[in-house]
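**Student:** Just a sequence and a predicted model for now, questions to come.
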Amino acid sequence: MLNNLPPLAPFRPRLLQDLRGYNGEKLGRDMGAGATVGIVALPLAMAFAIASGLKPEAGLWTAIIAGFLISALGGTSVQIGGPAGAFIVIVYGIVERYGVANLLIATASAGVLLFLLGLFRLGTLVRYVPVSVVIGFTNGIAVLIALSQVRDWLGLDIAKMPGDFFSQIGTIAHHLGSFNPYAFGLGALCVIGLFVWPRLWAVDSQFRRQLEQVDTMSALKATSRLPAPVVALVTLSLLAWAMKLPVETIGTRFGGIPQGLPALALPEFSWQTAKQLVTPTLTIALLGAIESLLCARVADQLSDTPKHDPNQELMAQGVANFVVPFFGGMPATGTIARTVTNIRSGAVSPIAGIVHAATLAAVVLIAAPLAQHIPLAVLAGVLLFVAWNMGEWREFGRLRHFSNHYRLMMLSTFLVTIVFDLTVAVELGLVLACLLFVRRQSDIFRADPLPQQHPGLVQFRLYGSLFFGAVSKIDPIVSVVETSPAGVRVELDAGQLISLDTSGLDALEQLHKLVGKRGGQLVLNHLNPQPNSLIERSGFGARLRGENTGAGHA
């Protein structure tokens, strides 16, 4: 029996494949792309950690350690791993309910689960999550990320934000009297700058065309390549420091970022605690798997590199999430924004992701003391921009073009994500998807009557799948048989019957018994392989042949 199980997935990192034929030209492209992404990741890693209720260094070292491991061991060539905006709401809720130590245990446990998912070749199962469910929880998470940043954007005097949606709104409304216009101004400038900067330097922008006629254009080229988040972080931090604006900074809230390597620490573990962390663990693993494989699919579409290996990618995600908690890190996954930046910067192999991690490590070890001057309102602006780009808001406008089933799945997942949590939302979305799929398949099945040639013959043609959700569609045949004269012959043309399950088989057997009681015959013609196989294995085919003496084809 064990010999029939599928083999385990081999552990073959994409890096080993991409190093074949690697040369100096590819190294140069990867070095440039990796350095660029490393700079982009700096403000995002800090912002994600702070928004999750952790210290900024937790995000930085997650980006460094997990980013290195995911690139070195993953199943894609250009994907960048690290802390992601999608985890903010999940991590904040876990920290508030269970504490940081239990977050580390849940993350490590999720890492083990992710590795096993890849090892047992379950990476492809993530593709079965309907796109409407993915869009629903992605937009819901984006709303929650934006809401979580209102405190720092408005500079409100709130010691600790609650975890649930309505409590957050109530807390914000209660503290609006502590509104800080300087923090609001910095956050607004940050958001505006993040929108304007890429468009300012776009190839077809009027500003760029005017500068091309000026001799200083060559000197400005380096500036144009700087990522917008880094430009916003540096310029607005300098502005707040030079003008001594009364706003909260990383230094005032966290005391700065330690300048040194993180210490290896083992969180306290007990089975009693682990039992309480089943739901957080499953949530982290599920979200990490979905995010990383969706990101890998985006990378496949945008780059010329070989298609990703989903099982190897999940194993790499598992290793990374198992390791980072021992250095005080947070959950990690594939990150779409940094991956796209990596591709557009010319990356061709996982070496770019490794360089990205090394660049971040160098910045942290050398320039960590400068981070204490970064205003939290600026990081809030960065995350507001991330939330806006993360959400697929146009999908709401396109809902009118889709079925009610699609609308129900997307909107219910979106609302439940906001009001409850991601796990409940995805569970609800998948249950709805299954129920609606059953209903749709049952609507497809038909039993159409054929023209009656003489009173003793009843003919029907079957279409679609006869399964547990469609057995009631056999009732019209039963009604006809019950009103027909004794000895009626019932012929069912099954040439268009695609599949049959045991419930459908039982419905046919009941029909067969009814026809037999009335002294008639049931004939199944033109059976396809799957229905025929089930009928033969169940013994129903033999019973049909015995009664019909070879007249029917079962």
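**Tutor:** Received it, and whenever you're ready, just let me know what you need.

**Student:** From here on, just use CA atoms for contacts and neighbour counts.
**Tutor:** OK.

**Student:** Do a quick rundown of the helices in the stretch 251-400 of the chain.
**Tutor:** Using DSSP state H, counting those that start in this stretch, the helices of the stretch 251-400 of the chain run over residues 271-276, 278-302, 310-323, 336-344, 351-367, 376-390, 394-397.

**Student:** comparing those, which gets the lowest mean pLDDT score?
**Tutor:** With a mean of 76, helix 271-276 has the lowest mean pLDDT of those.

**Student:** other SSEs contacting it?
**Tutor:** Counting contacts by 3 or more CA pairs under 8 Å, 6 or more residues apart in numbering; DSSP states H and E, helix 271-276 packs against helix 100-119.

**Student:** Using neighbour counts, pick out the buried residues of the helix or strand following the helix it packs on.
**Tutor:** Downstream of helix 100-119, the next assigned helix or strand under DSSP states H and E is helix 131-148. Neighbour-count burial for helix 131-148 flags 132-148 (criterion: 16 or more other CA atoms under 10 Å).

**Student:** What segments of the stretch 351-500 of the chain are strands?
**Tutor:** Using DSSP state E, counting those that start in this stretch, the strands of the stretch 351-500 of the chain run over 446-449, 457-466, 489-500.

**Student:** Figure out which of the ones you listed is closest to residue 322.
**Tutor:** Evaluated with CA to CA, these place strand 489-500 nearest to residue 322, the distance being 43.3 Å.

**Student:** Hmm, residue 64 is touching residue 357, no?
**Tutor:** Yes: counting by CA atoms under 8 Å, residue 64 does reach residue 357; the two are 4.5 Å apart.

**Student:** hey, what's in contact with both of those two?
**Tutor:** Counting by CA atoms under 8 Å, 6 or more residues apart in numbering, no residue touches both residue 64 and residue 357.

**Student:** can you tell me which residues contact residue 415?
**Tutor:** Residue 415 makes contact with 136, 140, according to CA under 8 Å, 6+ apart.

**Student:** one step back: in CSV, list the helices of the stretch 251-400 of the chain along with distance to residue 231.
**Tutor:** Shown next, in CSV, are those (distance: least, CA to CA, whole Å):
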stretch, distance to residue 231
helix 271-276, 43
helix 278-302, 26
helix 310-323, 30
helix 336-344, 16
helix 351-367, 16
helix 376-390, 11
helix 394-397, 28
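
**Student:** count of neighbours near residue 61?
**Tutor:** For residue 61, the neighbour count with other CA atoms under 10 Å is 26.

**Student:** How much space separates residue 518 from residue 489?
**Tutor:** Counting by CA to CA, to the nearest Å, the gap between residue 518 and residue 489 amounts to 10 Å.

**Student:** out of the two, which sits in the busier spot?
**Tutor:** Neighbours were counted for residue 518 and for residue 489 using other CA under 10 Å; residue 489 has more, 21 against 16.

**Student:** That one is in contact with residue 522, isn't it?
**Tutor:** Yes: counting by CA under 8 Å, residue 522 is a contact partner of residue 489 at 6.2 Å.

**Student:** Now do the shared contacts for the two.
**Tutor:** Joint contacts of residue 489 and residue 522 (CA under 8 Å, 6+ apart) are residue 515.

**Student:** can I get the strands of the stretch 351-500 of the chain in JSON lines with distance to residue 529 and mean pLDDT?
**Tutor:** Listed next are these as JSON lines, based on distance: least, CA to CA, whole Å; pLDDT from 0 to 100:
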{"stretch": "strand 446-449", "distance to residue 529": "19", "mean pLDDT": "92"}
{"stretch": "strand 457-466", "distance to residue 529": "13", "mean pLDDT": "93"}
{"stretch": "strand 489-500", "distance to residue 529": "9", "mean pLDDT": "93"}
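
**Student:** Include distance to residue 206 when you put those into TSV, please.
**Tutor:** Shown next, in TSV, are the strands of the stretch 351-500 of the chain (distance: least, CA to CA, whole Å):
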stretch	distance to residue 206
strand 446-449	61
strand 457-466	58
strand 489-500	60
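
**Student:** Identify the bridge partners of residue 249.
**Tutor:** residue 375 (DSSP bridges).

**Student:** Count the neighbours of it for me.
**Tutor:** For residue 249, the count of nearby residues is 23 (other CA under 10 Å).

**Student:** That one touches residue 378, doesn't it?
**Tutor:** No: contact between residue 249 and residue 378 fails when scored by CA under 8 Å: they sit 9.2 Å apart.

**Student:** dump the residue contacts of the closest residue to residue 85 other than its chain neighbours.
**Tutor:** Closest residue in space to residue 85, ignoring its immediate chain neighbours: residue 48 at 6.1 Å, by CA to CA, 6 or more residues apart in numbering. Going by CA under 8 Å, 6+ apart, residue 48 touches 56, 59, 83, 84, 85, 88, 383.

**Student:** if you set the cut-off to 7 Å instead, what comes out?
**Tutor:** Going by CA atoms under 7 Å, 6 or more residues apart in numbering, residue 48 touches 59, 83, 84, 85, 88.

**Student:** Please apply the same query to residue 109.
**Tutor:** Neighbouring residues of residue 109 by CA under 7 Å, 6+ apart: 281, 322.

**Student:** Okay, it and residue 39: tell me how far apart.
**Tutor:** With CA to CA as the criterion, residue 109 and residue 39 are 30 Å apart.

**Student:** With residue 443 instead?
**Tutor:** Distance of residue 443 to residue 39, computed by CA to CA: 54 Å.

**Student:** where are the low-confidence patches of the protein?
**Tutor:** Applying pLDDT under 70 to the chain picks out residues 1-6, 127, 203-205, 207-225, 547-554.

**Student:** coming back round to it: please name whichever of the strands of the stretch 351-500 of the chain is nearest to residue 526.
**Tutor:** In terms of CA to CA, the element of the strands of the stretch 351-500 of the chain nearest to residue 526 is strand 489-500, at 4.8 Å.

**Student:** Next, the angle from the following helix or strand past the closest one to strand 457-466.
**Tutor:** Next helix or strand after strand 489-500 toward the C-terminus (DSSP H and E): helix 502-517. With axes from the mean of the first three to the mean of the last three CA atoms, to 10 degrees defining the directions, helix 502-517 sits at 170 degrees from strand 457-466.

**Student:** tilt between the very next helix or strand once past helix 502-517 and strand 457-466?
**Tutor:** Per DSSP H and E, the first helix or strand lying C-terminal to helix 502-517 is strand 521-525. Computed by the same axes, to 10 degrees, the angle separating strand 521-525 from strand 457-466 equals 50 degrees.

**Student:** Strand 521-525 pairs with which strands, and in what direction?
**Tutor:** Assessed with DSSP bridges, strand 521-525 is paired to strand 489-500 (parallel).

**Student:** Convert the strand it pairs with to CSV, retaining C-alpha atoms only.
**Tutor:** In CSV, the C-alpha atoms belonging to strand 489-500 read as follows (Å, rounded to 0.1, in the frame of the first residue of the first chain):
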residue,chain,number,x,y,z
ARG,A,489,-38.7,-0.3,-21.5
VAL,A,490,-36.6,2.6,-20.3
GLU,A,491,-33.5,3.5,-22.4
LEU,A,492,-31.1,6.1,-21.1
ASP,A,493,-28.6,7.5,-23.6
ALA,A,494,-25.5,8.2,-21.5
GLY,A,495,-23.2,9.4,-24.2
GLN,A,496,-23.1,12.9,-22.8
LEU,A,497,-22.9,11.7,-19.1
ILE,A,498,-19.4,12.9,-18.1
SER,A,499,-19.1,11.5,-14.6
LEU,A,500,-21.0,9.5,-12.0
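
**Student:** No further queries at this time; thank you.
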